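In: output the structure for:
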Amino acid sequence: MGLIVQKFGGTSLADAEKFHRAARRAIRAKLDGSQVIVVVSAMDQSTDELVDLAYQITDRPSRREMDQLLATGEQVSIALMAMAIHHAGHDAISFTGGQIGLRTDRTFGRARIRDITERNRIVSLLKQGSIIIVAGFQGVDEASNITTLGRGGSDTTAVALAAAFGAEVCEIYTDVDGIYSADPRIVPEARKLDYVFYDEMLELASLGAQVMHSRSIELGKNYNVRIHVRSSYTDAKGTDIVNVSSDLEQVIVRGAALKKNLARVELGRVPNRPGIAGEIFRRVAEREVIVDDIIQVIHEGGTTADISFTIEANDIEAARAIAAELAGEFAEMKMQVRDRMAKVSVVGVGMRTHTGVASRMFEALHQANVNIENISTSEIVISCVINQDDGEKALRAVHAAFDLGQPPLQDSAA
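Out: Model prediction:
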């Protein structure tokens with residue numbers, strides 16, 4: 001008997017009828033002969049409501065207490081999902097992350113999964129015919145503190161469970177019918193992809209595509225989990241996330257993404273000597289600030305440099321605190337923070353063997369009258385940091401420039 005992991009996001013659990021719809025999908029999989037683990041997110045908007053409530057209490061809530069608070073959303077969902085399955089006449093049992101032994105590190109708000117310790121218990125219940133309901137997004141650390149995995153962390157929970165229990169497939173149910181060449185809310189002509197490679201999806205997720213959590217894709221790639229993203233409202237085939245294969249066409253650009261709400265931190269007149277950059281980013285890491293692009297420019301004479309890097313806008317205050325510390329040590333250093341930045345990117349494994357992608361992208365932005373602030377590249381990604389006000393028109397421009405709304409000439413889907 002094979003195992004299927006099904007994950008339902010918050011928009012798929014917005015009300016009682018949607019819980020019943022999700023329950024019917026799990027029951028159908030069971031009746032088709034599969035063992036079933038269901039991972040659920042908090043109900044639609046409930047996490048945002050909890051965050052808003054916390055900030056009505058205090059403008060500086062502790063990260064530990066925020067995890068205690070936010071984990072309650074998924075606890076509501078697991079109980080309601082189990083009730084919906086019971087109502088339909090089938091066995092189900094719900095578990096929090098801690099109850100299945102989902103162990104994480106102690107990074108509150110951004111914890112990483114280390115192990116799942118209660119596997120034998122889950123296997124025994126599956127063999128008895130129960131549908132297992134697990135709270136996504138959460139776990140516990142070595143001291144039994146509740147931790148959360150960050151926004152979108154239920155995807156990571158689902159893929160981790162699929163890897164741990166050897167699932168045949170991890171189905172991600174959402175309010176869209178698959179993964180698109182760009183956000184269809186911004187680019188109406190965006191095309192649903194039949195398949196996308198792990199490397200491409202990992203980059204798209206980290207660059208602003210919101211269908212999947214980037215760490216879930218990383219787990220899927222590392223453990224070769226078959227992931228299928230599909231609509232919770234229809235039975236239509238969605239998008240497969242697969243390994244690179246010679247049987248599948250490697251188009252030059254697979255998709256485009258826009259990441260908003262960024263800020264750029266500029267540190268001017270930093271001493272240019274060994275160890276300074278390491279010291280700056282050690283302090284950044286200690287405050288758990290995620291850094292995007294980093295650029296260093298050496299001044300004439302070579303004694304000082306300018307270092308700039310992009311961060312998420314909600315980390316600005318942490319960056320200011322770091323700069324205040326450094327200013328006391330480096331008298332000439334100046335700091336400037338520019339908010340309301342965004343990053344537009346194109347992604348495709350075919351870039352590895354094709355030239356001219358950068359010039360085509362830059363020309364598209366030029367024609368759209370979008371100024372480029374920073375540029376970063378890798379084997380399969382080209383990204384440009386721009387003003388956030390230009391973000392949506394920039395995404396539409398690069399999507400059109402690479403004809404991403406049209407299917408590849410020889411699209412041989414998995």
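
In: which stretches of the stretch 151-300 of the chain have low pLDDT?
Out: 245-249 (pLDDT under 70).

In: which residues of it fall in helices?
Out: Here the stretch 151-300 of the chain has its helices, by DSSP state H, counting those that start in this stretch, at 153-164, 198-206, 214-223, 276-286.

In: the second one - contacts with which helices or strands?
Out: It refers to helix 198-206. Packing partners of helix 198-206 (3 or more C-beta pairs under 8 Å, 6 or more residues apart in numbering; DSSP states H and E): helix 214-223, strand 239-242, strand 255-271, strand 334-347. Using the backbone N, CA and C atoms, a C-beta is placed for each residue, glycine as well.

In: mean neighbour count, these: which tops it?
Out: Greatest average neighbour count among those goes to strand 239-242 (a mean of 24), per mean count of other C-beta atoms under 10 Å.

In: residues near the nearest residue in space to residue 250 that is not next to it in sequence, how many?
Out: Distances taken as C-beta to C-beta, 6 or more residues apart in numbering place residue 350 nearest to residue 250, at 4.6 Å, with adjacent residues excluded. Applying other C-beta atoms under 10 Å, we find 16 residues neighbouring residue 350.

In: find me the pLDDT at residue 350, would you?
Out: Turning to residue 350, the model gives it a pLDDT of 90.

In: next one: residue 90
Out: Reading off the confidence values, residue 90 has pLDDT 98.

In: centre of the chain to stretch 86-97, how far?
Out: In terms of C-alpha atoms, centre = their mean, to the nearest Å, the centre of stretch 86-97 is set 28 Å apart from its chain centre.

In: contacts for that stretch, please.
Out: Stretch 86-97 is contacted from outside by 20, 23-24, 26-27, 30, 71, 74-75, 78-79, 81-82, 85, 122, 125, 128-140, 146, 157, using C-beta atoms under 8 Å, 6 or more residues apart in numbering.

In: over to stretch 56-71?
Out: 42, 47, 50-51, 53-55, 96-97, 108-109, 111, 135, 137-138, 145-148.

In: stretch 213-223 now?
Out: So stretch 213-223 is contacted by 112-113, 149-156, 158-160, 162-163, 170, 198-199, 201-202, 205-206, 225, 227, 241, 243 (C-beta under 8 Å, 6+ apart).

In: now the buried members of these.
Out: Neighbour-count burial (16 or more other C-beta atoms under 10 Å) is assigned, among the contacts of stretch 213-223, to 113, 149-150, 152-156, 158-160, 162-163, 170, 198-199, 201-202, 205-206, 225, 227, 241.

In: which residue is nearest the middle of the protein?
Out: By C-alpha atoms, centre = their mean, the mean C-alpha position of the chain lies nearest to residue 213, the distance being 2.4 Å.
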